[in-house]
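Novice: how would this look folded up:
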Amino acid sequence: MSDATEANGTAGVPEAAGSGAGGGAGGRHVRVVLVDDHRMFRTGVQAEIGQTAETGVEVVGEAADVDQAVTVITATRPEVVLLDVHLPGGGGVEVLRRCAALTADAERPVRFLALSVSDAAEDVIGVIRGGARGYVTKTITGTDLVDSIFRVQEGDAVFSPRLAGFVLDAFASTDAPPVDEDLDRLTQREREVLRLIARGYAYKEIAKQLFISVKTVESHVSAVLRKLQLSNRHELTRWATARRLV
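Specialist: Numbering: from 1, shown residues only. Have a look, this model is predicted:
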């Protein structure tokens, strides 16, 4: 079954699907949509947090790209959306833009919590400016993720350690961030691979973390080296370190 089929099928969940569900976790209950382009990751998150009787979290929909996300979120009206930053169709920022009316709804707001492998300042700042209530990385534990979801449902802002500093710095400054033309040549996925390579990850480790094959990692590394006119991963590491991307 394709991601598109899964997402479109889930979009048909009626709005009141969770209204009669018993709340777990001390009677708390929250309806959540998962938005991530990796089906294996969505399955893992569902298994980790989706035991409603224990966690109080009811996963009412899934989506793998921007169009699917907007369709599912509009159809199910969850309290919280777990949103990946890098998605086909324009990324998490585009989902936030197209769901702005739902986010601004005073009576039944849909709140967004970014859940991403990236901890880059530009990704964090971009989705927070777009309207997300928080940003956590995929290294978070299931227990902490459940807690973060409920905090966002209640209107709190939630960040993984050190990411809050990016946001404070960004909103304290009136200067626009400088444009890095070299970095702009890279796709979002190539940037993810670049950062992990610069941090010393092996190809197999990167493949596991990003849910892609080792061959795909190799292809991304080759593309990054070509676009940046670098010769090897050591030069790439120095390049990334000089730009504080590590």
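Novice: When you work out contacts or count neighbours from here on, use the C-alpha atoms and nothing else.
Specialist: Will do.
Novice: tell me the contacts of the nearest residue to residue 134 once chain neighbours are set aside?
Specialist: Nearest non-adjacent residue to residue 134, counting by C-alpha to C-alpha, 6 or more residues apart in numbering: residue 158, 4.4 Å away. Contacts for residue 158 were tallied using C-alpha atoms under 8 Å, 6 or more residues apart in numbering; they are 113, 133, 134, 135, 136, 148, 151, 152.
Novice: among the residues you listed, who's most crowded?
Specialist: residue 135 (30 neighbours; other C-alpha atoms under 10 Å).
Novice: wait, what's in contact with the residue nearest the centre of the chain?
Specialist: Central residue of the chain (C-alpha atoms, centre = their mean): residue 84, 2.0 Å from the mean position. Listed by C-alpha under 8 Å, 6+ apart, the contact set of residue 84 reads 35, 36, 37, 91, 92, 114, 115, 116.
Novice: quick revisit: any chance of the contacts of residue 158 in TSV with distance to residue 97, pLDDT and secondary structure as columns?
Specialist: What follows is those, written out as TSV (distance: C-alpha to C-alpha, whole Å; pLDDT from 0 to 100; DSSP: H, G, I helix; E, B strand; the rest coil):
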residue	distance to residue 97	pLDDT	secondary structure
113	14	97	strand
133	14	92	coil
134	16	92	strand
135	17	94	strand
136	20	94	strand
148	22	95	helix
151	22	95	helix
152	19	95	helix
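Novice: What number of residues are in the vicinity of the closest residue to residue 37 other than its chain neighbours?
Specialist: Spatially, and ignoring its direct neighbours in sequence, residue 37 is nearest to residue 64 (4.0 Å; C-alpha to C-alpha, 6+ apart). Residues lying near residue 64 (other C-alpha under 10 Å) number 23.
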